[in-house]
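S.K.: Pasting the sequence and the predicted model now:
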Amino acid sequence: MSLNYIKNFYEGCVKPPTVIGQFHTLFFGSVRMFFLGVLGFAVYGNEALHFSCDPDKREINLFCYNQFRPITPQVFWALQLVIVLVPGAIFHLYAACKSINQECILQKPVYTVIYILSVLLRISLEVIAFWLQIHLFGFQVKPLYLCDAGSFGGKFTIIKCMVPEHFEKTIFLIAMYTFTVITVVLCVAEIFEIIFRRLCFLIRQ
């Protein structure tokens, strides 16, 4: 159902003027969202419930979990996907209002520049999200988290907490990093393809 919706939405929009751009749209819209929506929920869905500390008290578990996860990875990646989609969505909306097709994007310098700027903005947002992901989650989820509970008011200052399914989360982190790198590489390749096809169009004239 969701893949058909994405396919219908994609076909109704102005398609990217390059083969790489069309592949990126399908890759971004189907594989990445499916991976996050289905596998992300399976890995991170019940993390807060299984996050336990010593002493194992509900209020301590919640306090330390909020310290361990200022923002949950699922929310972060969902925001990343939505924000990265914005430049392309704005361009496609503009193209639809102006009745701009694929040929116009490659043939008219103004549209070519606007499209390239939207791709560059997409790259910038992906790079920022990549840096934030490193800052928030790192590259590895350790099985043991030392919680600073001094401000909690209890007799314990440092509390040991067990992180559930840490190995699966590490694999998922690496996969999300890989997806970000792939999308950035595709965006860069798309810019080169646009420039190449633009030059070929000028030479034919």
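M.R.: Perfect, thanks for sending it. Remember, predicted model here, so these are calculated numbers, not experimental data.
S.K.: How far does the helix ranked longest in the chain sit from its chain's centre?
M.R.: Longest helix in the chain by number of residues, with DSSP state H as the criterion: helix 166-204. The chain centre lies 13 Å from the centre of helix 166-204; the measure is CA atoms, centre = their mean, to the nearest Å.
S.K.: Check stretch 24-38 too.
M.R.: Distance, centroid of stretch 24-38 to centroid of chain: 10 Å (CA atoms, centre = their mean).
S.K.: That stretch: which residues count as buried?
M.R.: Neighbour-count burial for stretch 24-38 flags 24, 25, 28, 29, 32, 33, 36 (criterion: 16 or more other CB atoms under 10 Å). Any C-beta I mention is one placed from the backbone N, CA and C, and that applies to glycine too.
S.K.: residue ranges with poor pLDDT in this structure?
M.R.: 1-17, 29, 152-156, 205 (pLDDT under 70).
S.K.: ok, which stretches of it are helices?
M.R.: 2-12, 19-26, 33-34, 40-44, 47-50, 58-68, 73-97, 102-107, 109-137, 166-204.
S.K.: Now tabulate those in JSON lines and tack on distance to residue 151.
M.R.: Below are the helices of the chain laid out as JSON lines (distance: least, CB to CB, whole Å):
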{"stretch": "helix 2-12", "distance to residue 151": "43"}
{"stretch": "helix 19-26", "distance to residue 151": "45"}
{"stretch": "helix 33-34", "distance to residue 151": "38"}
{"stretch": "helix 40-44", "distance to residue 151": "26"}
{"stretch": "helix 47-50", "distance to residue 151": "20"}
{"stretch": "helix 58-68", "distance to residue 151": "9"}
{"stretch": "helix 73-97", "distance to residue 151": "24"}
{"stretch": "helix 102-107", "distance to residue 151": "55"}
{"stretch": "helix 109-137", "distance to residue 151": "21"}
{"stretch": "helix 166-204", "distance to residue 151": "25"}
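S.K.: Of the ones you listed, which is nearest residue 159?
M.R.: helix 58-68 (6.1 Å; CB to CB).
S.K.: picking up where we left off before, let me have the buried residues of stretch 24-38 in a markdown table, adding distance to residue 158 as columns.
M.R.: Listed next are those as a markdown table, based on distance: CB to CB, whole Å:
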| residue | distance to residue 158 |
| --- | --- |
| 24 | 46 |
| 25 | 48 |
| 28 | 42 |
| 29 | 45 |
| 32 | 38 |
| 33 | 39 |
| 36 | 34 |
